[in-house]
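Enquirer: This is a predicted model, with the sequence first.
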Amino acid sequence: MLVGDPARGFLDTSGLTRLATYRAHADGDTAGASLRDARVYRL
């Protein structure tokens with residue numbers, strides 16, 4: 001199973017393996033002025 005996390009700070013990553021990190025728009029920022037790391041994990 002894959003889990004996507006937009007770096008909100010409350011995901012317990014114990015038991016997960018990080019596969020990738022992408023720069024993505026922050027919540028509500030459709031103009032792209034604020035980017036943050038979004039991560040993909042494997043369970």
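Expert: Everything's here; your move. Bear in mind the structure is a predicted one, so any value in this text is a computation, not a measurement.
Enquirer: Only C-alpha atoms from now on, for both contacts and neighbour counts.
Expert: Fine.
Enquirer: buried residues in stretch 2-16?
Expert: For stretch 2-16, the neighbour count (16 or more other C-alpha atoms under 10 Å) marks D5, P6 as buried.
Enquirer: how about the CA coordinates for that stretch, as PDB?
Expert: The C-alpha trace of stretch 2-16 is given here as PDB (Å, rounded to 0.1, in the frame of the first residue of the first chain):
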ATOM      1  CA  LEU A   2       1.200   3.500  -0.800                       C
ATOM      2  CA  VAL A   3       0.600   6.500   1.500                       C
ATOM      3  CA  GLY A   4       0.800  10.100   0.400                       C
ATOM      4  CA  ASP A   5       1.600  12.800   3.000                       C
ATOM      5  CA  PRO A   6       1.600  16.500   2.300                       C
ATOM      6  CA  ALA A   7       3.800  17.200   5.400                       C
ATOM      7  CA  ARG A   8       1.100  18.300   7.700                       C
ATOM      8  CA  GLY A   9       3.100  17.100  10.600                       C
ATOM      9  CA  PHE A  10       0.900  14.400  12.200                       C
ATOM     10  CA  LEU A  11       1.700  11.200  10.300                       C
ATOM     11  CA  ASP A  12       3.300   8.500  12.400                       C
ATOM     12  CA  THR A  13       6.000   7.200   9.900                       C
ATOM     13  CA  SER A  14       7.200   4.300  12.100                       C
ATOM     14  CA  GLY A  15       6.800   1.200  10.000                       C
ATOM     15  CA  LEU A  16       6.700   3.200   6.700                       C
END
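Enquirer: Give me the residues contacting that stretch.
Expert: A24, R36, D37, A38, R39, V40, Y41, R42, L43 (C-alpha atoms under 8 Å, 6 or more residues apart in numbering).
Enquirer: if you set the cut-off to 7 Å instead, what comes out?
Expert: D37, A38, R39, V40, Y41, R42, L43 (C-alpha atoms under 7 Å, 6 or more residues apart in numbering).
Enquirer: And the pLDDT for G32?
Expert: Reported pLDDT at G32 in the predicted model: 64.
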